[in-house]
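In: Dropping the sequence and predicted coords here.
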Amino acid sequence: MTQKDMATLLGERGLRPTVQRIAVYEYLYDHRTHPSAETVYQALVQQHPTFSRTTVYNSLHALVKAGLVKELAMDTEERHYDADVALHGHFHCRRCGGIADFTLDESLVQRLMPDGYLVEGQGIYFSGRCPACRSAEPTN
C-alpha cells in the first residue's frame, strides 16, 4: 500500500492524514512483528527526528480508534500493535517474547458465542512457548 493509499484510508476513517499518522501506520503495515509503541518510536525517530513519543502514542491511539490498527493487551508489560485488523488470533511466547499470528475461522468464533450475541471485535490470544524455544529446551 502506498502512502497516498494510506492517506486516503485515514481520511475515509475520519482522520486527518498527517505525516506522523501516515509514518506510524506505514511502519505497522510494513513490520508485522506486533511492535510496542516504544519500538515504533525508536524506528521512526531515526527518519523523523522531530517525532516525539507523545506524537507516536497519539498517532497509535487515533489509528486504533479509527479501526485501522489493533492494540494487543497480552500478558506482556507493554501494549503491542497490529495493522492486520482481519479476524485472527495471537500467540505470545513467554520465553522469547515473540508474538505470532494464527488463523481463526469466523464460523468457529460464531459457534463459541452464545445465541443472540454479535461479535464486533475480538482479542483472542494464547501464551506459552513457541516451537523454536521448545526445541531449544533440554530433553529429559
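Out: Looks like it came in fine.

In: looking at this protein, which helix or strand is least sure?
Out: helix 106-112 (a mean of 82; mean pLDDT, DSSP states H and E).

In: what helices or strands is that one leaning on?
Out: In terms of contacts (3 or more CB pairs under 8 Å, 6 or more residues apart in numbering; DSSP states H and E), helix 106-112 is not packed against any helix or strand. Where C-beta positions appear, they are placed from N, C-alpha and C, glycine not excepted.

In: can you pull the buried residues of it?
Out: When neighbours are counted by 16 or more other CB atoms under 10 Å, no buried residue of helix 106-112 is found.

In: for stretch 67-83, same thing?
Out: Across stretch 67-83, burial judged by 16+ other CB under 10 Å covers 68, 69, 70, 72, 74, 80, 81, 82, 83.

In: For the last one, grab phi and psi.
Out: Going back to what we said before, that points to residue 83. Here is the backbone geometry of residue 83 (degrees, to the nearest 10): phi -80, psi -10.

In: do the same with the third one
Out: In terms of degrees, to the nearest 10, the main-chain angles of residue 70 are phi -100, psi 140.

In: Report the beta-bridge partner residues of it.
Out: Counting by DSSP bridges, residue 70 forms beta bridges with residue 82.

In: per-residue pLDDT, it?
Out: Residue 70 is assigned a predicted lDDT (pLDDT) of 95.

In: I figured it hits residue 86, correct?
Out: No. Applying CB atoms under 8 Å, one finds residue 70 not in contact with residue 86, separated by 9.7 Å.

In: just to revisit the earlier point, and the buried residues of stretch 67-83 as a markdown table, adding distance to residue 43?
Out: Listed next are these as a markdown table, based on distance: CB to CB, whole Å:
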| residue | distance to residue 43 |
| --- | --- |
| 68 | 18 |
| 69 | 15 |
| 70 | 19 |
| 72 | 18 |
| 74 | 20 |
| 80 | 14 |
| 81 | 12 |
| 82 | 15 |
| 83 | 14 |
